[in-house]
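A.B. asks: I need the structure of the sequence given here:
(2 chains)
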Number of protein chains: 2
Amino acid sequence: MKILNDILAAKTTTRALERQGISVGFVPTMGALHDGHISLLKVARAVGAQRVVASVYVNPTQFDRDEDLKRYPRDLDADFAKLEAAGCDAVFVPKDELMYPCGYQTEVWVPEASRGLCGAHRPGHFVGVTTIVTKLLNIIRPSFLVMGEKDFQQLMLTRLLVSDLNLDTQVVGAPVARDDDGLALSSRNVQLSDVEREQARSIYGGLQAAQRRYYEGERSAERLVVEAKAVMSVAGLEPEYLELRSSLTLAPLNSAHQPCRLLVAAYVGSTRLIDNVVIAGDERAQTA
Amino acid sequence: MKILNDILAAKTTTRALERQGISVGFVPTMGALHDGHISLLKVARAVGAQRVVASVYVNPTQFDRDEDLKRYPRDLDADFAKLEAAGCDAVFVPKDELMYPCGYQTEVWVPEASRGLCGAHRPGHFVGVTTIVTKLLNIIRPSFLVMGEKDFQQLMLTRLLVSDLNLDTQVVGAPVARDDDGLALSSRNVQLSDVEREQARSIYGGLQAAQRRYYEGERSAERLVVEAKAVMSVAGLEPEYLELRSSLTLAPLNSAHQPCRLLVAAYVGSTRLIDNVVIAGDERAQTA
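C.D. replies: Sure thing, here's the model as predicted:
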């Protein structure tokens, strides 16, 4: 596995593949890799990427709290070992001063879809995300960009910016990877104590309860939300948000009569976790 | 000359050149072409572009006043004839609904350098410019992007966004093209009456007066500005702004002890004209 420490090396490697007509699948990460990330590499191969490039970069501009940035888990040696074992061809690991040199100022905004959900609670987070994604796409120029559906709003924003800015990449969403107890895999899970881990299980538990109510015929967004909240409440969790949203546009919905997802963010102790499930329809078939 | 009416046609043509290793110089325009635009095509060849692609697109999002957008001169047939005669290889002429389809929302901001000068007087103008430039660069992917130094702040913003967003293009500034009477060539010049045209000559006249004072030893920004304003005032013009700015960073300067330009905008009747001259140093040598 090639380790690409600077932008020029990354461009040289990926442009050479481009010239040879070899397609690249790109998996951007913030490191602290888990099986969820590894599943993204597999999805990249599955959709046809002939080479897979990952990036490991804890992007400072998308952290709204300094404390969260400092606390974010980092383990580069382990990350490299996992990527290598998963057959990753190259990994881009830039330093902050290369990505944001002195005088840096450009920002990429996707204003409407950044409002609400995580955007309402993490000021500046999404402009940090959409800016770094644009930069990484311009550096790597992948045929496929693979991102997890766990960060569903981030995935939607990325689809929008790729389309709006006329970038030549196909955005592929990969299903949420979960632990045996249902908890969505996240680099932040290592921050949980045993008691908190127990509480955190109720996040997916609540979402599943809402899914069951939907299958039983419930269509009211309000009542599906109440159902999910009840489960989380028993575990002592009060979600930061818990909302039924269109899978296609992220618009808030009153009822589940179109493709939609139930999206949640909740603090478990001082760790913020997010998750979501499909309630109605299969938007993947429609956005493919 | 190939006429590229949609994004796919433009990408197909330019990607084919890319694969063959043929370099492309790109000249974005809003049409109503004059000799200034044609000089940009020549600069593109001169810096080494093997093919030259122009675009003609009156980008609605960079107009702060509807009236200005409606009044902006358009003459596509004449534009095609001039481009063809100048040896342009292809021209991209997209429709608004292709560039900004339903649901479009992404914006590219270069916040610091957009403040002041034209940015202070045309709200939303530069985010419109930096967004469309990013889109056009992603569609055409040129080796060289050639823009005129008349729109100096626009050129600086473009240099910044290309560097910040890691785009693979070299931004080339071309000297201001002038009519025999010194007036900077602009598509808006056709809007001037004979009397206004006479007034408009004082814009460059004033800038030249300041240049002469600099060569005589004057270094004070304030006194250089007073000198230029006096000339324009005699012709009945009151500049919207008239400022000495660093050629490298666009920062306002108190004195001309580093590479700098004197930049001006002025309404002549209802037509807004801009111009600028080098006062100190040759920043082109330094930014190349």
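A.B. asks: what comes up buried for stretch A:55-67?
C.D. replies: A:55, A:56, A:57, A:58, A:59, A:61, A:62, A:63 (16 or more other Cβ atoms under 10 Å in any protein chain shown). Every C-beta, even on glycine, is put in place using the N, C-alpha and C of the backbone.
A.B. asks: show me the contacts for the second one.
C.D. replies: The one in question is residue A:56. Contacts for residue A:56 (Cβ atoms under 8 Å, 6 or more residues apart in numbering or on different chains) come out as A:29, A:30, A:31, A:33, A:76, A:79, A:91, A:92, A:93.
A.B. asks: just list whatever residues bridge to it.
C.D. replies: In this entry, residue A:56 is beta-bridged to residue A:29, by DSSP bridges.
A.B. asks: by neighbour count, which of the contacts of residue A:56 wins?
C.D. replies: Counting neighbours by other Cβ atoms under 10 Å in any protein chain shown, residue A:33 comes out on top of the contacts of residue A:56 with 27 neighbours.
A.B. asks: next, that one: phi, psi?
C.D. replies: Dihedral angles phi and psi of residue A:33 (degrees, to the nearest 10) take the values phi -70, psi 140.
A.B. asks: go on, residue A:171?
C.D. replies: Note on residue A:171: its backbone torsions stand at phi -90, psi 130 [degrees, to the nearest 10].
A.B. asks: residue contacts, it?
C.D. replies: Contacts of residue A:171 (Cβ under 8 Å, 6+ apart): A:145, A:147, A:155, A:158, A:159, A:162.
A.B. asks: so the second one: helix, strand or coil?
C.D. replies: Here residue A:147 takes the strand state, with states given by DSSP: H, G, I helix; E, B strand; the rest coil.
A.B. asks: that one: how many residues sit nearby?
C.D. replies: Counted with other Cβ under 10 Å, the neighbours of residue A:147 add up to 22.
A.B. asks: coming back round to it: which among the contacts of residue A:171 gets closest to residue B:17?
C.D. replies: Closest approach between these and residue B:17, by Cβ to Cβ: residue A:162, at 22.8 Å.
A.B. asks: residues from the stretch 51-200 of chain A in reach of chain B?
C.D. replies: Those residues of the stretch 51-200 of chain A that sit near chain B, judged by Cβ under 8 Å from any Cβ of the partner chain, are A:103-113, A:130, A:134-135, A:138-139, A:160-161, A:164-168.
A.B. asks: these, buried ones only, as a ChimeraX selection?
C.D. replies: Selecting only the buried entries of these in ChimeraX, with 16+ other Cβ under 10 Å as the criterion:
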select /A:106,107,108,109,110,112,113,130,134,135,138,139,160,161,164,165,166,167
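A.B. asks: now the residue lying closest to residue A:186 once chain neighbours are set aside: which helix or strand?
C.D. replies: Distance criterion Cβ to Cβ, 6 or more residues apart in numbering or on different chains; nearest residue to residue A:186, sequence neighbours excluded, is residue A:273 at 6.2 Å. Residue A:273 is part of strand A:271-280, with elements assigned from DSSP states H and E.
A.B. asks: need the residues that contact stretch A:222-236.
C.D. replies: By Cβ under 8 Å, 6+ apart, the residues outside stretch A:222-236 that reach it are A:198-199, A:201-203, A:205-207, A:209-210, A:213-214, A:218, A:238-239, A:242-244, A:254, A:256, A:262, A:264, A:266, A:279.
A.B. asks: name whatever forms a beta bridge with the residue nearest to residue A:186.
C.D. replies: Beta-bridge partners of residue A:273, as defined by DSSP bridges: residue A:266.
A.B. asks: count of neighbours near it?
C.D. replies: By the measure other Cβ under 10 Å, the count of residues near residue A:273 is 25.
A.B. asks: determine which two of the contacts of residue A:56 are furthest apart.
C.D. replies: The two members of the contacts of residue A:56 with the most space between them (Cβ to Cβ) are A:33 and A:92, at 14.0 Å.
A.B. asks: ok, back up a step: now render the contacts of residue A:171 as TSV, adding pLDDT.
C.D. replies: Below are the contacts of residue A:171 laid out as TSV (pLDDT from 0 to 100):
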residue	pLDDT
A:145	98
A:147	98
A:155	98
A:158	98
A:159	97
A:162	98
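A.B. asks: my read is that residue A:76 contacts residue A:93, right?
C.D. replies: Yes - between residue A:76 and residue A:93 there is a contact under Cβ atoms under 8 Å: 7.2 Å.
A.B. asks: tell me the buried residues in stretch A:42-50?
C.D. replies: So stretch A:42-50, judged by 16+ other Cβ under 10 Å, has buried residues A:43, A:44, A:45, A:47, A:49.
A.B. asks: double-check that residue A:248 belongs to a helix.
C.D. replies: No - counting by three-state DSSP, residue A:248 is not part of a helix but coil.
A.B. asks: now do the same for it: its pLDDT.
C.D. replies: Listed pLDDT for residue A:248 reads 89.
A.B. asks: again with residue A:14
C.D. replies: Predicted confidence (pLDDT) for residue A:14: 98.
A.B. asks: ok, for the residue in the stretch 151-288 of chain A positioned nearest to chain B, nearest residue in space, not its chain neighbours?
C.D. replies: Residue nearest to chain B within the stretch 151-288 of chain A: residue A:164 (3.5 Å; Cβ to the nearest Cβ). With sequence-adjacent residues excluded and distances taken as Cβ to Cβ, 6+ apart, residue A:164 is closest to residue B:106, at 3.5 Å.
A.B. asks: if I pick the one you found, what's in contact with it?
C.D. replies: Going by Cβ under 8 Å, 6+ apart, residue B:106 touches A:108, A:109, A:110, A:130, A:160, A:161, A:164, A:165, B:131.
A.B. asks: one more time with 10 Å
C.D. replies: Contact partners of residue B:106, counting by Cβ atoms under 10 Å, 6 or more residues apart in numbering or on different chains, are A:108-113, A:130, A:134, A:157, A:160-166, B:100, B:131, B:134-135.
A.B. asks: helices and strands around the lengthiest helix in chain A, which ones?
C.D. replies: Among the segments of chain A that qualify as a helix by DSSP state H, the longest is helix A:194-215. Secondary-structure packing of helix A:194-215 (3 or more Cβ pairs under 10 Å, 6 or more residues apart in numbering or on different chains; DSSP states H and E): helix A:221-234, strand A:241-246, strand A:260-268, strand A:271-280.
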